[in-house]
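# quick one: sequence plus predicted model below, questions after.
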Amino acid sequence: MPGELVLLVDPDRDVQATVGTLLVHEGYRVVAAPDTAAALEAVRGQVPDVVIVDPAPAPRILTGHTVLRELGGLRGIPVIAVTADVIRFPVDRLLAEGYTAAQAKPCSPRTIARTVRRILDTRKGPAEAAEPPA
């Protein structure tokens, strides 16, 4: 569906720019934020169709698990983990913790876009039925 909202949470501005730009070119609306607090503020009153998050940010940043809990896990919004720290956050562990999908960095922005599309195409129920975050 054109115009689906993707929330992209990653402290790396290059990741925000490359992945965000590709997703916009693919027809998505993208809200990018460097951390969980900024992400929650940026989507206040909106319901993202999917969230992409780095679960292993610097200690000063709230964790991807907060995004998963606040936006995904409780409301059925798919959350994709994309991390370079596969030692601390192996893909199987992320999936077991409730992430819908997980990718190891480095990965192509096109790979992330394909994952987003696959998840949205197989998702049950539209995001419009979910409650917007408070």
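Perfect, thanks for sending it. Numbers count the residues shown, from 1 in each chain.

# phi, psi for residue 90 please.
phi -60, psi 150 (degrees, to the nearest 10).

# quick one: low-confidence ranges for the protein?
1-2, 57-75, 124-134 (pLDDT under 70).

# try 50 this time
Residues of the chain meeting the criterion pLDDT under 50: 59-62, 73-74, 125-134.

# contact partners for the most centrally placed residue in it?
For the chain, the residue nearest the mean C-alpha position is residue 52 (1.5 Å; C-alpha atoms, centre = their mean). Residues counted as contacts of residue 52 (C-beta atoms under 8 Å, 6 or more residues apart in numbering) are 6-10, 19, 79-80, 82, 112, 116. The way it works is simple: take the backbone N, C-alpha and C, and place the C-beta from them, glycine included.

# now, the most widely separated pair of these?
The most widely separated members of the contacts of residue 52, counting by C-beta to C-beta, are 19 and 79 (14.9 Å).

# is the residue nearest to the centre of the chain in a helix, a strand, or coil?
strand (DSSP: H, G, I helix; E, B strand; the rest coil).

# isn't residue 120 up against residue 3?
No - with contacts counted by C-beta atoms under 8 Å, residue 120 stays clear of residue 3, the gap being 11.7 Å.
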